[in-house]
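Asker: got a predicted model here, sequence first, then my questions.
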Amino acid sequence: MGMRSHIVPSMDPRRQSRKAPPAARRTSAQEALGRTTRQRSALLDIIAREGRPLSPYELHDLAVRVIPSMSRSTVYRNLRALEDARQIHAVSIPGQAPRYELARAAASHHHHFHCQRCDRVYELEGCPGGLKGLLPRGFTLEDHTIVLTGKCGACVG
Ligand SMILES: [Zn+2]
Ligand SMILES: [Zn+2]
């Protein structure tokens, strides 16, 4: 009788201590979420600061200055997630690694310049238009991409 009443109250602290590990796991899950959020906002900040579309290699080189532990695969994983969340947009340049620009930049129609010396890609404002005139009769134009190539100001100077 005395033993049973001793066991029953001791159940509570034990149950509480059993609840402790899930609480700890939740904390580490929150830490992981916090880390992911920091990584993604660092990548977005870098793209915004550089003001031009960046390759995963360029992003990694710049990201490790902010978060030294960020690996190249972490950069790739976060870029995929940011692209899925439509926060960034992939710019494809023939024969090149994709470059990433902010979705808000991608929202306004523009084109790109690829420097063949330093491999940087720059955003060009506006569009020459008038491209329908290039089409053979009976064709319809649905979209277009224009990539100008040459040497950027830094490479010419
Ligand atoms: Zn250049
Ligand atoms: Zn255009």
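Answerer: Thanks, I have it. Ligands and ions are numbered 1, 2, ... in the order given.

Asker: count the neighbours of L44 for me.
Answerer: 17 (other CB atoms under 10 Å). Where C-beta positions appear, they are placed from N, C-alpha and C, glycine not excepted.

Asker: quick check: domain ranges of this protein?
Answerer: 1-88, 108-157 (automatic domain parsing).

Asker: ends of the shortest one, how far apart?
Answerer: Start and end residues of domain 108-157 are separated by 30 Å (CA to CA, to the nearest Å).

Asker: pLDDT on that domain, on average?
Answerer: Taken as a whole, domain 108-157 has a mean pLDDT of 95.

Asker: and the domains of the chain as JSON lines, adding distance to ligand 1?
Answerer: Shown next, in JSON lines, are the domains of the chain (distance: least, CB to the ion, whole Å):
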{"stretch": "domain 1-88", "distance to ligand 1": "11"}
{"stretch": "domain 108-157", "distance to ligand 1": "3"}
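
Asker: what about I146, distance to F113?
Answerer: I146 sits at a distance of 9 Å from F113 (criterion: CB to CB, to the nearest Å).

Asker: for A81, same thing?
Answerer: 28 Å.

Asker: neighbour count: these two, which is higher?
Answerer: The neighbour comparison of A81 against F113 (other CB under 10 Å) goes to F113, with 18 against 15.

Asker: what about the strands in the chain?
Answerer: 88-91, 99-102, 110-115, 121-125, 147-150 (DSSP state E).

Asker: which ones are touching the residue most central in space within the chain?
Answerer: With distances taken as CA atoms, centre = their mean, L79 lies nearest the centre of the chain, 3.1 Å away. In this structure, L79 makes contact with 43, 56, 59, 88, 100, judged by CB atoms under 8 Å, 6 or more residues apart in numbering.
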